[in-house]
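[1] Build me a model:
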Amino acid sequence: MKIKTVTVIGANGTMGCNISGIFASFGNAKVYMACRSLDKAEKAVGQAAKSVRAEAIAENLVPATFDDLPKCVAESDLVFESVSENFETKQGIIDRIADHVRPDVILATGTSGLSIDKLADMYPENLRSRFIGMHFFNPPYMMTLCELIESRYTDHTMTDFLAKYSEEVLVRTVVKVKDTAAFLGNRIGFQFINEACQYAEKYKDNGGIDYIDAILGQFTGRNMAPIATADFVGLDVHKAIVDNVYQNTKDYARATFVLPDYMQKLIDEGKLGRKSKQGLYKMLKDENGKRVQLVYDIDTGEYREKMRYIFPFARKMVDYLHSGDYKMAFESLVHNHSIEAEICVSFLIKYVLYGITAAKLASDDINAADHAMATGFGWVPPLAVIDAFGGKKEFAALARDRMSSEFLAGVNLDETLADIPECSSYDYRSYFKGKK
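    Just a heads-up that it's a prediction; the model follows:
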């Protein structure tokens, strides 16, 4: 089987648009970009070409409307649904296309966390084996992760073909995951992000949002601070993911998926983050035309200028990282007992342990968490953090020393760490930035 023609439904959305570009450029496929109106589809074609930095591929992109779906899907080898994250909207799309697709078609959904089994049940019985979750990460041109999620009906031969196609043609890092809430990458990533948001509320008198982001900055192994990441993703999307995990899981970290009240307030006010130009952060220009970043003050409910925090532990870490002395960078972090350093260490420990826990729940490969976080979020992989702290023995001792007995009992530290590899396949040094 070859994938020569693809229909992307909901191609004017951020992910639908960018994924159209991936199929058209890396896959050299003809891509029908189906939107609710032709005007939206025509605009999406230009955006898709720009998203992969190859405007020449525009000739592979064909604008279409939902009225054109019968013709488009009948011609397609793969149909990729990328509409709103609710079952009702997706059912409407399935009803439109089910009678027109070929029996050998690949039917994929880009959902970031809805049940694949439940979506499969919406298709006629004869098509259920052709349906699969195909979850890309944003922006897909830079984030190469593709989670493949089978339903209980999915044809395994089709999955194997799609995995090979995604790896060899689309140049993706493929991780096969089970049909669990938020799958794998988002479950790990948004646990960290949402708990950081909860800590912002807990420490609102210390500064709140920008205070916690400063504690968990680039020197902790991520390109963007966690709460700023929620703003980038969109608070409504963030809420959908953490609500889904909270409602459908029962592991020890479940409480960390409760959305803080101040975030719900911002969502209710339409302040959804970067896409609405204000959310947790906000950018303005002063009277001289200089850009000034503001941050939401949880205590007052108003925006104030973002503060530049100078924490001695962070300054030392950055100095050591800048000079390439990674061993001393982590020793200086561990031996600093300021409240900020303690928060930083605890978050890194929890990130590792939840990453391993989620990998065991959602995958048959313990290394899947590393692949997911490195190529889906651009974050230091969980197992690589263990390497940064000196290895499994040293990490276990640190966790016992710093984490509460209640937390350790819920995690079952020895069992969690028992069967992990001796080291990560990723070099942690490339993720910890010593930017001054």
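
[2] low pLDDT regions in this structure?
    Along the chain, the model assigns pLDDT under 70 to residues 436.

[3] any idea which helix or strand comes after the longest helix seen in it?
    Looking across the chain with DSSP state H, the single longest helix is helix 339-362. Using DSSP states H and E, the helix or strand that directly follows helix 339-362 along the chain is helix 368-376.

[4] CA atoms only for that following helix, dumped as CSV, please.
    Taking Å, rounded to 0.1, in the frame of the first residue of the first chain, the C-alpha atoms of helix 368-376 are listed here in CSV:
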residue,chain,number,x,y,z
ALA,A,368,8.7,5.4,25.6
ALA,A,369,8.6,8.2,28.1
ASP,A,370,12.1,9.4,27.1
HIS,A,371,11.1,9.4,23.4
ALA,A,372,7.8,11.2,24.1
MET,A,373,9.3,14.0,26.2
ALA,A,374,12.4,14.5,24.0
THR,A,375,10.6,14.6,20.7
GLY,A,376,7.1,15.7,21.7
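
[5] before we move on, the earlier item: give me the buried stretch members for the longest helix of the chain, please.
    For helix 339-362, the neighbour count (16 or more other C-beta atoms under 10 Å) marks 340-341, 343-360, 362 as buried. Any C-beta I mention is one placed from the backbone N, CA and C, and that applies to glycine too.

[6] Doesn't Gln212 lie inside a strand?
    If you look again at residue 212, you'll see it is Ile, not Gln. No - Ile212: not assigned to a strand; according to DSSP: H, G, I helix; E, B strand; the rest coil it is helix.

[7] so how many other residues sit close to it?
    29 (other C-beta atoms under 10 Å).

[8] What of Thr89?
    13.

[9] Spit out the contact partners of it.
    Taking C-beta atoms under 8 Å, 6 or more residues apart in numbering as the criterion, Thr89 is in contact with Val83.

[10] Checking it next. Helix, strand or coil?
    helix.

[11] Distance-wise, check it relative to Met283.
    Counting by C-beta to C-beta, to the nearest Å, the separation of Thr89 from Met283 is 32 Å.

[12] Give the burial count for Leu413, as a bare number.
    Count around Leu413 with other C-beta under 10 Å applied: 18.

[13] cool, Tyr431 as well?
    For Tyr431, using other C-beta under 10 Å, the count is 22.

[14] Next: the one 4 residues further on.
    Using other C-beta under 10 Å, Lys435 is surrounded by 9 other residues.

[15] Assign it to helix, strand or coil.
    coil.

[16] and Tyr281, bridged to which residues?
    Beta-bridge partners for Tyr281, by DSSP bridges, are Val295.

[17] what about Lys90, distance to Lys327?
    Per C-beta to C-beta, Lys90 is found 50 Å from Lys327.

[18] Correction: the previous question concerned Phe432.
    In this view, Phe432 and Lys327 are 12 Å apart by C-beta to C-beta.

[19] Show me which of those two is the more surrounded one.
    For Phe432 versus Lys327, the count of surrounding residues by other C-beta under 10 Å is larger for Phe432: 22 against 10.

[20] correct me, but the more buried one touches Asn223?
    No - counting by C-beta atoms under 8 Å, Phe432 sits too far from Asn223 to count as a contact (11.2 Å).

[21] circling back: now the longest helix of the chain - C-alpha only, CSV.
    As requested, the backbone C-alpha atoms of helix 339-362 are provided in CSV (Å, rounded to 0.1, in the frame of the first residue of the first chain):
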residue,chain,number,x,y,z
ILE,A,339,12.9,27.1,49.3
GLU,A,340,13.3,27.7,45.5
ALA,A,341,16.0,25.0,45.2
GLU,A,342,13.9,22.6,47.2
ILE,A,343,10.9,23.2,44.8
CYS,A,344,13.2,22.7,41.8
VAL,A,345,14.6,19.4,43.1
SER,A,346,11.2,18.1,44.1
PHE,A,347,9.7,18.8,40.6
LEU,A,348,12.6,17.0,38.9
ILE,A,349,12.2,14.0,41.1
LYS,A,350,8.4,13.9,40.6
TYR,A,351,8.9,14.3,36.8
VAL,A,352,11.1,11.3,36.7
LEU,A,353,8.9,9.1,38.8
TYR,A,354,5.7,10.0,37.0
GLY,A,355,7.3,9.6,33.6
ILE,A,356,8.3,6.1,34.5
THR,A,357,4.8,5.4,36.0
ALA,A,358,3.0,6.7,32.9
ALA,A,359,5.3,4.7,30.6
LYS,A,360,4.4,1.5,32.4
LEU,A,361,0.7,2.3,32.2
ALA,A,362,0.6,3.5,28.6
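
[22] So for the protein, the centremost residue is which one?
    Asn186 (4.5 Å; C-alpha atoms, centre = their mean).

[23] where's it, which helix or strand?
    Short version, using DSSP H and E: Asn186 is in helix 185-202.

[24] can you give me the angle that helix makes with helix 368-376?
    Using axes from the mean of the first three to the mean of the last three C-alpha atoms, to 10 degrees, the direction of helix 185-202 lies 80 degrees away from that of helix 368-376.

[25] same for helix 185-202, what does it pack against?
    Packing partners of helix 185-202 (3 or more C-beta pairs under 8 Å, 6 or more residues apart in numbering; DSSP states H and E): helix 209-215, helix 226-233, helix 235-248, helix 261-268, helix 339-362, helix 368-376.

[26] Give me the packing partners of the fifth one, helices and strands only.
    Right, helix 339-362. Under the contact definition 3+ C-beta pairs under 8 Å, 6+ apart, helix 339-362 sits against helix 185-202, helix 209-215, helix 312-323, helix 326-334, helix 368-376, helix 382-388, helix 392-402, helix 413-417.
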